[in-house]
Each structure stands twice: as C-alpha cells, then as structure tokens.
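*Asks:* quick one, structure for this:
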Amino acid sequence: MGARVRALDWSRTPLGPVESWAPSLKCAVGTLLHSRHPMFLWWGPELVQIYNDAYVPGFGRGKHPAALGQPGRTFWQEAWPIIGPQIDAVMSRGEASWNEDQLVPVWRNGRIEEVYWTYGYSPVFAESGAVGGTLVVCTETTRAVITERRLQALRVLDNRTAAALSAEDVLVAVSDVLANEGADVPFAIVYRNDAAAGQPVVARSVALTEEALAAIDAACGPTLVASREPVDLREATIGRALPGGPWPEASEAAFIAELAAPGLAASYGFVVFGLSPRLPFDDAYRHHLEHLAARIAVMLARVDRFGAAEAAVVERERLMRELEDANRAKDEFLAMLGHELRNPLSPILTALHLMKQRPDDPGGREKEVIERQVSHLVRLVDDLLDISKITRGKVTLRRESLAVEDVIAKAVEMASHLLEHRRHKLSIEIAQEGLRVEGDAVRLAQVVANLLTNAARYTNPGGHVVVRARRDDTDVVISVEDNGTGIAPEMLPRIFDLFVQGQRSSDRQEGGLGLGLALVKSLILMHGGAVVARSPGLGKGTEIEVRLPEPERATLEMRREPSMPPSQTTAHPLRVLAVDDNVDAVEMVEEVLRAAGHVVAVAHDGPAALALLERFTPDVALLDIGLPVMDGYELGKRLHATPQGAGCRLIAITGYGQRHDIAKSMACGFEAHLVKPVDIDELLALVARAPDSAVSSA
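*Replies:* Predicted coordinates:
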C-alpha cells in the first residue's frame, strides 16, 4: 500500500499533490502504512480514504485497489446509515467512539455481506487545531460472531429436543428453533423417508408459504440427494422469490443435507436449508448445516428407540418438574402476597388506634366496622402464609407443657369478637383441673380459635357453641360443637382439604378461604394428634374433635410470655428514627410515637435516613426491610457503623415474616422483628424497654 500511495496521482483528488499535504496528514498516513493492524484514514471534508495492507482483506473482491483516494460517502453507501453519524461526530465535534462486534454490511464479493467489526474512530487534528480527519483502527470479527451464533443454535436445538417423546415432538422443536435462525437459515423443509410412499415426503416447513413450498418441492423433491454445493433456487429458476431471513434480499439457493449421523443405521430423510443472501457459502457454513441435520437425525433415532415404558418415565419426570416449579411459584407468590397485603393493613390499623385515643372523635360505629373488617383481612393473610409455611415444612413447633384451660382461654379471647358479634351463647366444659398437653402454645391456641371461628361463622346468629375438654385414656380430647348449618355427608371426607368450604348461609358476612380446617389438621398432625369431623347432616350442627397425646410428665413448668403493657405516655422519652417507603404507614407510626412522648424523625429510604444523622442521634430505629435503594438489613449495618448510630437499637417492622427473614434480621443486629400489621401496644413497649433480649413476632 505504501507503493500504491506513492504511485497515485493525488493531484486528481481533493487532497492535492503529496508535496502540499500538511504535516499532520503525512504523519497519520505514515503511521497507518507502517502498522500491521488494519487501519483506515478519512481526511478532509470529502473524507478521502487511505488504508494499509492489513486492511485490504476486509474489502474482499471488487473494491480494492479502486477504494484508494475515493470519497468515503459515495464509496461506502451500503454502510453509511451506520457509520455516517459516528464519522460526523468525530469530524464536527472531535468525539471518538468504540464499537465491538458491530454489524456493518459491506459490498464485497459481488453482494452485500453480513460483516461484523470491532473498531474505533478517533480524530486526527490538523495544524489549525481543528479536526482534519478520522482514523479507524479495526478488526473484522465476522467469523467469531457467526461461529458463536451457530454454536448457540446447536445448543438451543439440543435443549429443545431433549424432552421430546415422539418424532412429532422433535419436528415441532426443530421448526421453532429454525424459525429463530433466519440469518443462517432463511427457510427450511424437512423431508421424512416414507416407506408407503416409496420416497421422502414433506414433514415440516419453516418460513414458507404454501406456494413457495410447492415451488421448492417441485424443484428439489423428486431427486433429493445430499449436495456438496448450493442448489439454484433463483426466482428465474422456480418462478417466485424466496424469503431472505432478516435481510431485504431474497434467498437464491439452498443446501440439501441428509438426516443421518455416524453410528446411525439408517437415514431419516433430508433437510433443504435456505441459504442467506448475505453470506458466502464456505466450508464453515456447510459444516454448520450438516451438524444441524445430524443433530436432528440423532434425536429422531432416540425417540424411535423409546419404548412405551421409557416414554412414560420421561413424561412422569417432566410432569413432576412442572409440579415442583408450579408449587415453588405458588409459595413465592404467597410469600410476596403476604408482604404486599400487610403493608397497607399496617397504617390502617395504626390510624384506627390513634382515632380510638381521641374520645371526641366522631364515627365510633364506623371505626368499629373498619377495625372488624381489617382484622378479618389480617386473619386471611395469616392463614395464607401459615398454610404456605406448613406445606413447605417451614413451621417449627416450640414445645412445652401447657394447661389445656389456658389454651382454651387464649383461643376464646381470639374468637370472642366474632362470637359476640353474632350473639352466640358460648359454653366451656373442662372435665377436670390439671389437663395438660405437650405442644406449641401459640399454634394450639390457633387451632382451637379456628374451630371456634368456624363454628361462629357457620351458625346462625343467636346459636350455641360448646367447647369441651376431657381425658380419654392416654389422650386429651378437645372438641368444639355447634348447632349451626352442619355438613353434608358427601362433604365430610373432604372437609379438612385445602380451599374446601361448607355451604354458606346468606347472612354470613365474614367468609374465609377454606384454609381454617386444613390448618387445624396440619398443626394437629405435627403435634402427633388426630382430628375428626362429625355432623348428622345439613342443618343439624357440627362437632370437630381434636385428640392430643397427654404428656408423660404433666408437672413441667409452663413458659409464660411476658405481657405487653397497654399504650400510654412514656416517662422516658426517646429519640426514634422511623424509616419506611410507605408514607401512610410511617406517618401513622410517627403520630403514635409522638403521642407517647417520643421525639421522632422520619425518612423514606436509606440514604435519607443516613443524612438525618447529621442533626439527629437516634436511641431506637424502626426500619422497614423492603426499602428502595438499600434494604433495611443494609441500612441497619450502616447505622451501626456511624458514630451517631453506633448505640442505636434496631427494630424491624416489615411485611416479611418468614423464619429466614427473622433469622437474618437478628444476624444483622436487630433486637426485634415485628410483622405488619403490628400491635401498637407491643411496639410501644418494645421501643420503651431496655435492650436485653431479641423478640420476633410473626
């Protein structure tokens, strides 16, 4: 190229004779001519081009050596929509650019080719300080890009056909894969050998109309044989233009590959692969299409060898995977649903608490309705999350020796509102003092409360509900009986299944999700007990009986949870930092804390909370976990890393209540983990108390 540059009559170009060239131009040309890396220079307003020997192969056939000294805009018309704006940025503003594996189509070898480049455009400054030209340092990466694309197509084909159980499954997968590989295979026809027809017949086609398929079949079908060279399918040959994949030009040729592979005893047919109008048909292209055909043949051979038993095993495994995926997705959905539902419930309950503290605030009946309905929503959310935890084995029982009368008393307290609202008469019959069971106090109270709630819901107002407890040999029996709507005989075997509900009465306003009895059964089975439902029939009432094994040592000490004092004004005001992206929630908490005498600062994300430390040193921080920018765990760590927040006590208030969420908050230095909606009295007590132990409430 040095010789060609010296020999060219530059006086015929906008650059003029070499003797008149500026030193900056001479320097740039000397640099590129002595480089072994492909380099290219556009100079002046006309972008007159000069290039080196290493760049010459990029031209292919047809443009070199005529390209030397030519203006760039007219010489690279096919690529100008891509490279033109980049060159303008260099020439007008001196902005360099860098591109990796960029598609820049080039007219070479008699066609516009699909070509990829990694290149950089840099300004070359003239003596005046203005940009005199654009220097291009480039590498053609076409082979690497297309090779990776073809390998990915083979990987996708293997993955899509791996679970195929029949030849039809294989062909469907092949069609789907080839439909997305138009740059290499603009169209395709799969022929299967047919013994009855005595010749291969069309089994599948990709990206072809019926007319185009018929035209290709007429040209290739009667004499199908694996080809080494492309088959001519130009419009002049078959009478119609064929699809060109993603390119505007029509495909004009095809390659025929046999559906065969080493080690296979038989051929399964042929594939007619359309060829890209923008790629040369070289050995790499041929080998790729032959590999595609061989993979298809191997998959067809595999499904042919499948017996019914093996196919059934594969199908069963596939269904099991689908069930596992669906079950995991369900659990993840329930966990997220619980979080999203708890977030809006928390500020509503807090607002109700504040309204009840104002004796002159009107709307007492309306507040009762809102509180009752929100509490019902909270119970539904808790039921959803409990059943999700139990089905995944995420519930751990905290076993201790319990007095049955205490379990029943706690359950009655939990269900008393609904019993009173529906004006039921409640009778409690405990056979004798000293009945004890071994179990989880919270979960067993939940069991009896669920039974009482069900009885209240399915009994007409003014009904009668009876709770009994007695010893039966080595078992403790707790039963809840009502004179309500009863259960139809055909429903009794299914009454403890998920989402199964009895007949609803017209006035039953507080419906459930059909989870209560399923939770009862799951929790009692975890305690080693049993549960049974009895009913004489519809309209004749129901009895649910729970049996629990009596503990061997009934004299173990009971563990008493410390009770939380009622909300009141604190004698020791604290500085409290409250952080939650739910504006309503944090404002309600702020008002409750201020009413209790505390000094409160509020933020809605981590960075804002940390910024507050410049003027506010908190004693306690109430942090939501699902914060934007940084979560509550990270914010807690950063608070403790600052001088102002080093001694701050951390309390999590969040919709995330899984056991691993609580464990993570404890590991991050939180002393308590409260799940929304929080109990206000419990929150105030936690804020006010000494930091002596960790607490979780889920």
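*Asks:* average model confidence for the strand or helix carrying residue 326?
*Replies:* Per DSSP states H and E: residue 326 is located in helix 308-356. Regarding helix 308-356, the rounded mean pLDDT is 69.
*Asks:* and for residue 3, the neighbour number?
*Replies:* 8 (other Cβ atoms under 10 Å). Where C-beta positions appear, they are placed from N, C-alpha and C, glycine not excepted.
*Asks:* now the helix or strand hosting it: buried residues?
*Replies:* Using DSSP H and E, residue 3 maps to helix 2-7. For helix 2-7, the neighbour count (16 or more other Cβ atoms under 10 Å) marks 4-5 as buried.
*Asks:* and for stretch 282-296?
*Replies:* So stretch 282-296, judged by 16+ other Cβ under 10 Å, has buried residues 285-286, 288-296.
*Asks:* now flag whichever of those residues is closest to residue 448.
*Replies:* Relative to residue 448, the closest of the buried residues of stretch 282-296 is residue 295; by Cβ to Cβ it sits at 62.9 Å.
*Asks:* and the pLDDT for the closest one?
*Replies:* pLDDT at residue 295 comes out at 94.
*Asks:* three-state assignment of it?
*Replies:* Following DSSP: H, G, I helix; E, B strand; the rest coil, residue 295 is assigned to helix.
*Asks:* start at 52, not 1
*Replies:* Shifting the count to begin at 52 puts that one at residue 346.
*Asks:* check contacts around the closest residue to it other than its chain neighbours.
*Replies:* Distances taken as Cβ to Cβ, 6 or more residues apart in numbering place residue 208 nearest to residue 346, at 5.5 Å, with adjacent residues excluded. Counting by Cβ atoms under 8 Å, 6 or more residues apart in numbering, residue 208 touches 224-225, 228, 343, 346-347.
*Asks:* what's the most distant pair in those residues?
*Replies:* Of all pairs drawn from the contacts of residue 208, the widest gap by Cβ to Cβ lies between 224 and 343 and measures 12.4 Å.
*Asks:* quick one on the thing from earlier: quick check, nearest of the buried residues of stretch 333-347 to residue 493?
*Replies:* residue 346 (58.3 Å).
*Asks:* can you list the buried residues of stretch 333-347 in JSON lines and add distance to residue 660?
*Replies:* Shown next, in JSON lines, are these (distance: Cβ to Cβ, whole Å):
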{"residue": "336", "distance to residue 660": "60"}
{"residue": "337", "distance to residue 660": "64"}
{"residue": "339", "distance to residue 660": "57"}
{"residue": "340", "distance to residue 660": "61"}
{"residue": "341", "distance to residue 660": "63"}
{"residue": "342", "distance to residue 660": "58"}
{"residue": "343", "distance to residue 660": "57"}
{"residue": "344", "distance to residue 660": "62"}
{"residue": "345", "distance to residue 660": "62"}
{"residue": "346", "distance to residue 660": "57"}
{"residue": "347", "distance to residue 660": "60"}
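*Asks:* between these, which is closest to residue 124?
*Replies:* Among the buried residues of stretch 333-347, residue 336 lies closest to residue 124 (Cβ to Cβ), at 32.2 Å.
*Asks:* about what we covered before: what packs against the helix holding residue 54?
*Replies:* Secondary-structure packing of helix 53-58 (3 or more Cβ pairs under 8 Å, 6 or more residues apart in numbering; DSSP states H and E): helix 74-84.
*Asks:* what residues does the helix it packs on touch?
*Replies:* The contact list for helix 74-84 (Cβ under 8 Å, 6+ apart) reads 52-53, 56, 66, 69, 72, 90-92, 94, 101-103, 175-178, 183-184, 186.
*Asks:* break down the stretch 452-601 of the chain into its strands, ranges please.
*Replies:* 476-481, 487-491, 515-523, 526-533, 581-585, 593-600 (DSSP state E, counting those that start in this stretch).
*Asks:* distance from the fifth one to the middle of the chain?
*Replies:* Between the centre of strand 581-585 and the centre of its host chain there is 41 Å, according to Cα atoms, centre = their mean, to the nearest Å.
*Asks:* one more: the last one?
*Replies:* Centroid separation between strand 593-600 and its chain, computed with Cα atoms, centre = their mean, is 43 Å.
*Asks:* repeat for the fourth one
*Replies:* For strand 526-533, the distance from its own C-alpha centre to the chain's C-alpha centre is 45 Å (Cα atoms, centre = their mean).
*Asks:* that strand pairs with which strands?
*Replies:* In the sheet, strand 526-533 lines up against strand 515-523 (antiparallel), strand 593-600 (antiparallel) (DSSP bridges).
*Asks:* which positions in the first one come out as buried?
*Replies:* By neighbour count, with 16+ other Cβ under 10 Å as the criterion, the buried positions of strand 515-523 are 516-520.
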